[in-house]
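*Asks:* The following block contains a protein sequence and its predicted model.
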Amino acid sequence: MPESNASPRERLLEFYGRAFGVPEEDLSSLCVTEQGAESWVASAQFSPEVHTRRPPGLRALRWMPDGPKPTSTFLSALGERIRRARIDLDLATLRALLLGRRVPVARPDSYVALSHRGLVLGCGRVQRSELHALIPTGRRRELLEVLEDTKPPETAKV
């Protein structure tokens, strides 16, 4: 967790504003709770008796040794509010990333929001001019299944 005098809410707003261009007013109604090295957001404040293992709402950030890491779930929830660090992927590139491959990109090292046809699907990271997906394995499988179901039928060869 970062050492700072800023509140968990201020740190979250600053990160998503700087990294993804999300206007502060778009997040102003959210309640932010920290538990361990994670920041959670909810639309209402809950008393500690309501939760035992984890706070209610969505995990929005994980505080890693090298800084904050956005979560795929929260990036997906932000959707069109993300105005920066967003990469819209064609189908072949999306499939490759979901299968765990890395693809070359000409971007600085950073976290990015991965999207397809304007829909934010989750988190990615650019490192050393390579993009890789940080979408959880179960979600990757679901997305690959959807992509498989939407493939045009093979034409029969006679």
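*Replies:* Nice, I can see it.
*Asks:* Report the residue ranges of every domain in this structure.
*Replies:* 1-83, 85-149 (automatic domain parsing).
*Asks:* Tell me how far the longest one lies from the chain's centre.
*Replies:* Between the centre of domain 1-83 and the centre of its host chain there is 11 Å, according to C-alpha atoms, centre = their mean, to the nearest Å.
*Asks:* so can I have CSV of the domains of the chain showing mean pLDDT and mean neighbour count?
*Replies:* Bear in mind the C-beta positions are built from the backbone N, C-alpha and C, glycine included. Listed next are those as CSV, based on pLDDT from 0 to 100; neighbours: other C-beta atoms under 10 Å:
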stretch, mean pLDDT, mean neighbour count
domain 1-83, 88, 15
domain 85-149, 96, 16
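*Asks:* Contacts for the lengthiest strand in the chain next, please.
*Replies:* Longest strand in the chain, counting residues (DSSP state E): strand 119-127. The contact list for strand 119-127 (C-beta atoms under 8 Å, 6 or more residues apart in numbering) reads 69-73, 75-76, 78-80, 82, 86-87, 94, 97, 105, 107-115, 131-136, 139, 143.
*Asks:* Mind listing the strands that strand pairs with, and their directions?
*Replies:* Based on DSSP bridges, the pairing partners of strand 119-127 within the sheet are strand 110-116 (antiparallel), strand 130-133 (antiparallel).
*Asks:* Grab the nearest non-local neighbour of the residue positioned nearest the centre of the chain.
*Replies:* What sits nearest the mean C-alpha location of the chain, by C-alpha atoms, centre = their mean, is S72, with 2.7 Å. Once flanking residues are discounted, S72 sits nearest to G122: 3.2 Å by C-beta to C-beta, 6 or more residues apart in numbering.
*Asks:* How about D88?
*Replies:* Distances taken as C-beta to C-beta, 6+ apart put S115 closest to D88, at 4.9 Å, once the chain neighbours are dropped.
*Asks:* Distance from the chain centre to stretch 109-116, please.
*Replies:* Mean-position distance between stretch 109-116 and its chain equals 8 Å (C-alpha atoms, centre = their mean).
*Asks:* what does that stretch contact?
*Replies:* By C-beta under 8 Å, 6+ apart, stretch 109-116 touches 19-20, 69-70, 75, 78, 82, 85-91, 94, 97, 120-128, 131, 133-135.
*Asks:* tell me the contacts of R84?
*Replies:* By C-beta under 8 Å, 6+ apart, R84 lies in contact with 19-21.
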